[in-house]
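Asker: After the sequence you'll find the predicted model.
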Amino acid sequence: MKIAVIGSGYVGLVTGTCFAETGNQVWCVDIDQDKVKSMQEGNVPIYEPNLDTLFERNITANRLNFTSDLEAGIKDAEVIFLALPTPPNEDGSADLSYILGVANQIGALIKDYVVIVDKSTVPVGTADLVESCIRAKTNVPFSVVSNPEFLREGFAINDFMKPDRVVIGTSDDRAKKTMENLYKPFVRQGNPIYFMDSKSAELTKYAANAFLATKITFMNEIANFCELVGANVDEVRMGIGSDDRIGKRFLFPGMGYGGSCFPKDVQALAQAGKENNFSFQILNAVMKVNQEQKTVLFPKINNYFKGELKDKKIGVWGLAFKPDTDDIREAPALYLIEKLVAAGAQVIAFDPEAMQNVKAKIGGSIEYASSEYEAIDQVDALVICTEWSVFRNPNFALMKSTMKGNVIFDGRNLFDTEDIEKEGFCYMSIGRNSKNIGA
């Protein structure tokens, strides 16, 4: 099957590469000519585990191709995926200008029946808008389908190749058959393909992300309360996670959620409620609590140093919003760093993948280290913001000899409190009893 994927960002590139891996002829279309040229030369523009292997293999097999020419990219395509950005407008609603702009162009270019798929996360009713745009430009038959993605950054290849479920929104039998054939190789183990109307499919994606964001935020509030009453959030988490009505996942407390999906999607769903005279009271609370959680470590750091952070040297481990990605969108580390720098602290940071993106965003306001140990050389304190595997079992003796101070502020609860304190560190984490000893 010939497939066109419009937009080669995170979702588009993973989608195109994985469809090519199952034998399809894929053309990825992007307006960024430099990016297209780089991909044609075999360079992967994002960091995602195992993507590079599939990317190189399918380019070599001539199944994965790149172009900035929309007409050439969609020529003879049986399915066209729209994997375009939907950034938030000032009011929090999703900006559909990229999707509708491409829909207008497609309408003037298609020659034969084609299935056009909204892969981007879009508000309820977007499929209808896309159909109207295209219908105004052509008499050629086509179908518009909603097919939201459920990819976790850091696990996207596995999530695509072995999905928990595939959601397809369409009432058109011809489009159903095409989409079913396309996804058959990915659900051979029996995981379901759910067919529903397009509006239900669109809302399913928003509802899923909003629910997970709510679960994370609830656990963070429980963790904060644990600190006040002397409870241990690790024990509470295990106690409630064993209830199969709740489940164990997304119960680890930390510095709040970030990335490209949860913040944007929760905000967009809440705004969609406003536009329909409906108040998502839970989501409004989730957004408020999560914003505060991103800097939950700052008062602990400030109190430890008695409000005297000026010229204190602070090492930071982790800049990406989560491990196994270079994505720094809404990363809690950046919010915390901003407050530290504003208070006069000198920050030196290390992240295995995200430092170039941070340099492009905040420049030289902080120092950048070449390793986790360089980032703690003579620092007064270490702050852990991202739970990269490389940080989970460090050389504590080397850390102690390298650091000037002996305090660790852990926003991801990587270490056992008793073990780390036996190593001679003052250790403060989230929702657990710590020896809060002043500097």
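Answerer: That came through, no problem.
Asker: Phe160 contacts Val14, doesn't it?
Answerer: Yes. In terms of Cβ atoms under 8 Å, Phe160 counts as a neighbour of Val14; the distance is 5.8 Å. Any C-beta I mention is one placed from the backbone N, CA and C, and that applies to glycine too.
Asker: Who has more neighbours out of these two?
Answerer: Comparing Phe160 with Val14 by neighbour count (other Cβ atoms under 10 Å), the higher total belongs to Val14, at 26 against 21.
Asker: From the centroid of this protein, which residue is nearest?
Answerer: The centroid of the chain falls nearest to Gly259 when counting by Cα atoms, centre = their mean (3.9 Å).
Asker: so who does it touch?
Answerer: 153, 321-322, 325, 327, 329-331 (Cβ atoms under 8 Å, 6 or more residues apart in numbering).
Asker: ok, of these, which one's closest to Glu90?
Answerer: Comparing these against Glu90 with Cβ to Cβ picks out Glu330 as the nearest, at 16.3 Å.
Asker: helix, strand or coil for the closest one?
Answerer: Reduced to three states with DSSP: H, G, I helix; E, B strand; the rest coil, the structure at Glu330 is coil.
Asker: what about it, distance to Pro192?
Answerer: Between Glu330 and Pro192 the distance is 31 Å, computed by Cβ to Cβ, to the nearest Å.
Asker: what's the answer for Cys18, then?
Answerer: Counting by Cβ to Cβ, the gap from Cys18 to Pro192 is 18 Å.
Asker: More neighbours: which of the two?
Answerer: Neighbours around Cys18 and Pro192, counted as other Cβ under 10 Å, are more numerous at Cys18. The numbers are 22 against 11.
Asker: And that one, what's its pLDDT?
Answerer: What the model reports for Cys18 is a pLDDT of 98.
Asker: Repeat that for Asn433.
Answerer: Here the pLDDT value assigned to Asn433 is 74.
Asker: what sits against it?
Answerer: Contact analysis of Asn433 by Cβ under 8 Å, 6+ apart lists 227, 230, 232, 417.
Asker: Next, format these as JSON lines and append distance to Val117 and secondary structure.
Answerer: What follows is those, written out as JSON lines (distance: Cβ to Cβ, whole Å; DSSP: H, G, I helix; E, B strand; the rest coil):
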{"residue": "Glu227", "distance to Val117": "46", "secondary structure": "helix"}
{"residue": "Gly230", "distance to Val117": "52", "secondary structure": "coil"}
{"residue": "Asn232", "distance to Val117": "47", "secondary structure": "coil"}
{"residue": "Thr417", "distance to Val117": "49", "secondary structure": "helix"}
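Asker: Which helix or strand contains the residue lying farthest from the centre of the chain?
Answerer: With distances taken as Cα atoms, centre = their mean, the residue sitting farthest from the centre of the chain turns out to be Asn139, at 38.6 Å. Of the helices and strands defined by DSSP states H and E, none includes Asn139.
Asker: now the contacts of Gly259: which count as buried?
Answerer: Neighbour-count burial (16 or more other Cβ atoms under 10 Å) applied to the contacts of Gly259 gives 153, 321-322, 325, 327, 329-331.
Asker: Which one of the residues you listed is nearest to Pro49?
Answerer: For the buried ones among the contacts of Gly259, the minimum distance to Pro49 (Cβ to Cβ) is 8.8 Å, reached by Thr325.
Asker: The closest one is in contact with Glu48, isn't it?
Answerer: Yes. Counting by Cβ under 8 Å, Thr325 touches Glu48, with 6.9 Å between them.
Asker: pLDDT value on the nearest residue to Gly169 once chain neighbours are set aside, please?
Answerer: Spatially, and ignoring its direct neighbours in sequence, Gly169 is nearest to Ala201 (2.7 Å; Cβ to Cβ, 6 or more residues apart in numbering). At Ala201 the predicted local distance difference test score is 98.
Asker: for Ala439, same thing?
Answerer: Reported pLDDT for Ala439: 47.
Asker: what do you get for Ser260?
Answerer: For Ser260, the pLDDT comes out at 85.
Asker: and it, what are its phi and psi?
Answerer: Listed backbone geometry of Ser260 is phi -90, psi -10, with angles given as degrees, to the nearest 10.
Asker: wait, what's in contact with it?
Answerer: In this structure, Ser260 makes contact with 10, 153, 327, 329-330, judged by Cβ under 8 Å, 6+ apart.
Asker: from the residues you listed, which is closest to Asp351?
Answerer: In terms of Cβ to Cβ, no member of the contacts of Ser260 lies closer to Asp351 than Asp327, at 11.0 Å.
Asker: Mutual contacts of Phe160 and Val14, please.
Answerer: Contact with both Phe160 and Val14 is made by residues Leu151, according to Cβ under 8 Å, 6+ apart.
Asker: secondary structure element for the closest residue in space to the residue nearest to the centre of the chain that isn't next to it in sequence?
Answerer: The spatially closest residue to Gly259, leaving aside those adjacent along the chain, is Phe321, at 4.5 Å (Cβ to Cβ, 6+ apart). Taking DSSP H and E as the criterion, no element holds Phe321; it sits outside all helices and strands.
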